[in-house]
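Peer 1: Just the structure for this:
(one chain, ligands or ions: 2)
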Amino acid sequence: MIVGIIGSGGREHAICCSLNKSKKISKIYCFPGNAGTSEIAENIDINSDDFEKIKNFTLEKNIDLIVVGPEKPLVDGITDYLESFGVKVFGPNKIASQLEGSKIFTKNICKKYDIPTANFGIFNSEIEAKKFLVKSKYPIVIKADNLAAGKGVYICDNQNQSIQAVQEIFEGKFGKAKNVLIEEFLTGEEMSFFIISDGFSTQSFGTAQDHKRALEGDKGKNTGGMGAYSPSRLITDELEKKILDKIINPTLKALKNLKTNYKGFLYAGLMINNNEPYLIEYNVRMGDPECQTLLPKLKTDFYEILNACCENRLDKIKIEWTKQKSLCVVLCSKGYPENFEKNVEIKNLNKLKLSSNDYLFHAGTSKTKDNIFATGGRVLNFVSLSDNFFQSRDNILSHLKDLNWLGGFFRKDIGFKVIEK
Ligand code: AMP
Ligand code: GLY
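Peer 2: Numbers count the residues shown, from 1 in each chain. Ligands and ions are numbered 1, 2, ... in the order given. Now for the predicted structure:
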């Protein structure tokens, strides 16, 4: 089988490596991929937003399955577009992708189906929003409605901050804004919960916790994710049942009532408080770096799972995982998530001695004939599986020490809640 993967980050390299283990796969193309994917797949210089070029290439090369990594093409309708030309696609359609594309779409579903989430108000006028903020309790959360690449969420400690946030959103900082969402601030511990669905049946696809802040101690600016570990320390059978019954299943039912269904990974960002789950947000894809953290634990053939999903027979597949603890540390370019230097060479990569339980996934990298260069903010993902999180982190930190890349920085404290007592 020939597979195409859309995207160029660490998540897509991890997807590429997992698919590459399947005996059924003869060839993988990545649109456009990175230096890591180029080792096992063929990178095609077509961007993920160029649907027509992707379609033409897919038909010309008889690609059997397209797997979509990032949210943007999904929200823009790549699945519907490619399927209209007879291409098999793993990833939700445009309507279902509104779960990530519009926070207000999701909040309205929560309200209608009684899904536990932060109390909220939707304001289409800057004046009304500001009036509401004058009489609100703090902290409070202000969100832009549309996709904002992980930005567009303000946690405000006081009225001044919240008024400024509303102003920035209406001024178009995250694209044209008709509305803002104002939310109650939830307390508790966050957890990422994943499911896979073919539109008819659903299976859990693991849990993780990620560290979004740039600096140790969960301080500093928000990033795409500085590291993650799996499983989450919070998950129990009882909590999983609550998440499925109170959050996931009502959401899937809501989509059915909109005459559509959900095919792909669904990532629920949750706040857990007193063993009760609250939905913070949905993502219509795997997390990054959660995907890199989870996939090395998968024992079942990944291609079989994705293909079964596209053929509506996920219920026939038993998904199995190793019981090991997985941890991921992201190596970033110095300056990320603000400005950083591009095209900095990463030497010493070929000197690393990774064991069979260690994984290195590329994110923002590119390759010339013999050298690897950092081109993005998040550059490399180191993952290690072992019997405990401390050991996994220790393995990774020793590889990072060997790499000794002066252009980068990373957090040494990933997983501190499950490691340090
Ligand atoms: P989102 O893009 O909606 O996931 O928000 C990004 C981050 O902001 C989340 O991972 C949370 O850490 C935080 N956050 C968002 N909404 C809330 C809320 N209502 N209460 C507390 N924290 C929140
Ligand atoms: N790690 C957070 C995300 O993928 O959205």
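Peer 1: CA only for contacts and neighbour counts going forward, please
Peer 2: Will do.
Peer 1: remind me which residues of the protein are low pLDDT?
Peer 2: Along the chain, the parts satisfying pLDDT under 70 run over 148-151, 421.
Peer 1: Could you list the contact residues of it toward ligand 2?
Peer 2: With Cα under 6 Å from any ligand atom as the criterion, the chain meets ligand 2 at residues 224-225, 287-289.
Peer 1: Just among these, which is most surrounded?
Peer 2: Pro289 (33 neighbours; other Cα atoms under 10 Å).
Peer 1: Phi first, then psi, for it.
Peer 2: phi -100, psi 10 (degrees, to the nearest 10).
Peer 1: Now do the contacts for it.
Peer 2: 10-11, 210, 225-228, 328, 330, 381 (Cα atoms under 8 Å, 6 or more residues apart in numbering).
Peer 1: Can you list the neighbours in contact with the lengthiest helix in the chain?
Peer 2: Counting by DSSP state H, the longest helix found in the chain is helix 389-403. Applying Cα under 8 Å, 6+ apart, the external contacts of helix 389-403 come out as 229, 325-329, 347-349, 351-354, 358, 382-386, 412, 414-415, 418-419.
Peer 1: I'd like to know which of these are buried.
Peer 2: By neighbour count, with 16 or more other Cα atoms under 10 Å, those hold 229, 325-329, 349, 358, 382-386, 412, 414-415 as buried.
Peer 1: Now intersect those with the strands, please.
Peer 2: 229, 325-329, 358, 382-386 (DSSP state E).
Peer 1: where does the residue of the stretch 251-400 of the chain at minimum distance from ligand 2 sit relative to Gly227, distance-wise?
Peer 2: Per Cα to the nearest ligand atom, the residue of the stretch 251-400 of the chain with the smallest distance to ligand 2 is Gly287, at 3.3 Å. According to Cα to Cα, to the nearest Å, Gly287 and Gly227 sit 11 Å apart.
Peer 1: With Phe205 instead?
Peer 2: For Phe205, the distance to Gly227 - Cα to Cα - is 19 Å.
Peer 1: Leu406: neighbouring residues, count only.
Peer 2: If we define neighbours as other Cα under 10 Å, then Leu406 has 12 of them.
Peer 1: still on that earlier bit, what about the residue of the stretch 251-400 of the chain closest to ligand 2, which SS state?
Peer 2: coil (DSSP: H, G, I helix; E, B strand; the rest coil).
Peer 1: for the closest residue to it other than its chain neighbours, what are its contacts?
Peer 2: In space, not counting the residues next to it along the chain, Gly287 is nearest to Tyr267; the distance is 7.0 Å by Cα to Cα, 6 or more residues apart in numbering. Neighbouring residues of Tyr267 by Cα under 8 Å, 6+ apart: 192-195, 282-287.
Peer 1: One more: Leu266?
Peer 2: Going by Cα under 8 Å, 6+ apart, the list of residues near Leu266 reads 194-197, 282-286.
Peer 1: These in strands, which ones?
Peer 2: Short answer: those in strands (DSSP E) are 194-197, 282-283.
Peer 1: Around ligand 1, pick out the residues from this protein.
Peer 2: 118, 141, 150, 153, 183-186, 280-281.
Peer 1: now those residues in TSV, with secondary structure and neighbour count?
Peer 2: Formatted as TSV, those follow (DSSP: H, G, I helix; E, B strand; the rest coil; neighbours: other Cα atoms under 10 Å):
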residue	secondary structure	neighbour count
Ala118	coil	19
Val141	strand	20
Gly150	coil	11
Val153	strand	17
Glu183	strand	19
Glu184	strand	18
Phe185	coil	17
Leu186	coil	19
Ile280	strand	20
Glu281	strand	17
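Peer 1: Could you dump those into CSV and include distance to Asn249?
Peer 2: Shown next, in CSV, are those (distance: Cα to Cα, whole Å):
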residue, distance to Asn249
Ala118, 18
Val141, 26
Gly150, 25
Val153, 26
Glu183, 23
Glu184, 24
Phe185, 24
Leu186, 22
Ile280, 16
Glu281, 15
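Peer 1: Now do the buried residues in the lengthiest strand in the chain.
Peer 2: Counting residues, the longest strand found in the chain (DSSP E) is strand 202-215. Buried residues in strand 202-215, counted by 16+ other Cα under 10 Å: 202-203, 205-215.
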